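Asks: Below are the sequence and a predicted model; questions follow.
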Amino acid sequence: MKRYIITILLFCSFSVGQSLNVDECVRIALENKYSLKRAEQDVTIARLNRASTAALMLPSVNASNSFSETTYGNSSSESTERYSGGLSLSQSLFNFGSKVNTFQQSDNNYNTAKQQKRQAKSRIILDVYTYYYQYLKNSELFGIAGKDLELSKKQLDLVENQYNLGAVSKTDYLKASVRYGTAKSNFLSRQLSKENSEKSLRHSMGLLNSDTPINIEETMDFTLAIPSFEEAYSLMLVNSPDLSILDNQIQGAQINVKKAWSSSLPSINMSVGMNASSSDQLTRSYFDDNYIKSANITLSIPIFSGFRNKNSIQISKLQLDQAETRLKGGTNSAKVSLYALINLLNNYQEIIPIQEEVLISAEEDLKLAQQKYELGSASILELLDAQLALIQASSTLVRTRYDAAIQVANLDDLLGTLDKKYE
């Protein structure tokens, strides 16, 4: 019920037009995505299985009460009735840790389910981050394309008037027309990208089939902080759910080896009981005077099982070797990905200031080109080149900033720290 209240409150905030930042989008997604709910159910199932497995190590107590009636065909003999009842207790005394290993296996499965839930949660969060920043990127690029289209239209109108007055050549008019057509085509393309990215963001938030409007903040507060490789690698080994699952698979394989060995070793079981039977209905006093006690201790020694136990041991050892290989391979792959991500972010850190300077220079160059063109000391081609350079510089800087933000989210996901921000 609390979840539904939170979701309703969030939807109310949409309706009044409140802008959502990336954290609010993530929280909405975590409330709506079915994949996380299924992962939570898997954790609950694994926890219940662990509790059931733990109960196997406790004694088993059973009470019985039965009635039987025997008749003898068409003979004149009367039918006989028999009442019986009893109480029994059974307990495994020693089985070389078979039940303990079974419990450890269920506990390992429970821990794996929790890590898989973290995986599902991280995927949801990473999707929201990715599509949120892609939406902002495409929105800004759409805005740049709109300004470019407006500027190109003004430039075309100006050149057309000058051409009609005979002040410029037809070549200038044609170049301005081509520039305007290119800007219009780019504007329509950016508009489509923005609409598609909005759909992707809604899907990542679990709102694809909802008519609820969403308003996204059009600004991004982003600081590029990059850890050292050694620091990041240490964090990854401790926090990564992917590596934790691979490590749990090794533990599970080790337990399976123990279980395979214990199945080929002797086991000792004990059972005790009290029972009584009578041709009349059993009463408490009759049971107290006529009950029969029994106690059994059974030693079971496997002698031959058609080589099944031997094969099980070999299979479990091979599976352990496979699990260890998967962990080594997964760790190496994650290490390579981490190295590439940190290098990429360091590259962004160097490139962004350069692109900011390029943008400032492009703005100044366009101002000078406009002044020269108005004075007649610059051609239309120089002016159009300056406009294009400004658009390219602005677009490149926007792409780089948001791509860097997406890669930071990918780094947090790889380190296993992304989901912990929303615990």
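Replies: Yep, that arrived. Because the structure is predicted, anything quoted here is derived from the model rather than measured.

Asks: rest of the way, CA atoms for contacts and neighbours
Replies: OK.

Asks: Now do the helices in the stretch 1-150 of the chain.
Replies: 2-15, 22-32, 34-55, 98-164 (DSSP state H, counting those that start in this stretch).

Asks: The shortest one packs against which elements?
Replies: Helix 22-32 makes packing contacts with helix 2-15, helix 98-164 when contacts are defined by 3 or more CA pairs under 8 Å, 6 or more residues apart in numbering; DSSP states H and E.

Asks: so which of the helices of the stretch 1-150 of the chain comes closest to Y373?
Replies: For Y373, the closest of the helices of the stretch 1-150 of the chain is helix 98-164, at 10.9 Å, according to CA to CA.

Asks: C-terminal to that closest one, which secondary structure element comes first?
Replies: helix 170-204 (DSSP states H and E).

Asks: Can you give the distance of the helix or strand following that following helix from its chain's centre?
Replies: Later in the chain than helix 170-204, the nearest helix or strand by DSSP H and E is strand 215-216. Computed by CA atoms, centre = their mean, to the nearest Å, the separation of strand 215-216 from the middle of its chain amounts to 24 Å.

Asks: How many residues are close by L58?
Replies: As a burial measure, L58 scores 11 neighbours (other CA atoms under 10 Å).

Asks: mind checking the backbone torsions on it?
Replies: Here is the backbone geometry of L58 (degrees, to the nearest 10): phi -90, psi 160.

Asks: I'd say it and Q91 touch.
Replies: Yes - counting by CA atoms under 8 Å, L58 touches Q91, with 7.2 Å between them.

Asks: Would you mind listing the buried residues in stretch 322-337?
Replies: A323, E324, R326, L327, T331, A334, K335 (16 or more other CA atoms under 10 Å).

Asks: List of residues touching it?
Replies: Y233, L243, L246, D247, Q249, I250, A253, L414 (CA atoms under 8 Å, 6 or more residues apart in numbering).

Asks: picking that back up, switch the helices and strands packed on helix 22-32 over to a markdown table; also include distance to S294, mean neighbour count and mean pLDDT.
Replies: Output for the helices and strands packed on helix 22-32, formatted as a markdown table (distance: least, CA to CA, whole Å; neighbours: other CA atoms under 10 Å; pLDDT from 0 to 100):
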| stretch | distance to S294 | mean neighbour count | mean pLDDT |
| --- | --- | --- | --- |
| helix 2-15 | 55 | 13 | 36 |
| helix 98-164 | 25 | 21 | 91 |
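
Asks: Just put the ones you listed in CSV and tack on distance to G85.
Replies: Formatted as CSV, the helices and strands packed on helix 22-32 follow (distance: least, CA to CA, whole Å):
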stretch, distance to G85
helix 2-15, 51
helix 98-164, 30
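
Asks: where does this protein have its least confident helix or strand?
Replies: helix 2-15 (a mean of 36; mean pLDDT, DSSP states H and E).

Asks: tell me which element K317 is part of?
Replies: helix 308-375.

Asks: what's near enough to touch the one residue sitting closest to the centre of the chain?
Replies: Centroid-nearest residue in the chain: A120, 2.4 Å away (criterion: CA atoms, centre = their mean). By CA under 8 Å, 6+ apart, the contact set of A120 is S35, L36, A39.

Asks: can you confirm Y402 is in a strand?
Replies: No - per DSSP: H, G, I helix; E, B strand; the rest coil, Y402 lies outside any strand segment and is helix.

Asks: can you pull the contacts of it?
Replies: Taking CA under 8 Å, 6+ apart as the test, what Y402 contacts is Y133, Q134, L136, K137.

Asks: same thing but 6 Å
Replies: Residues in contact with Y402 (CA atoms under 6 Å, 6 or more residues apart in numbering) are Y133.

Asks: Tell me the pLDDT of it.
Replies: Looking at Y402, its pLDDT is 94.

Asks: likewise Y422?
Replies: For Y422, the model assigns a pLDDT of 90.

Asks: Not counting its neighbours along the chain, what's nearest it?
Replies: Leaving aside its sequence neighbours, Y422 sits nearest to R27 (CA to CA, 6 or more residues apart in numbering; 7.8 Å).
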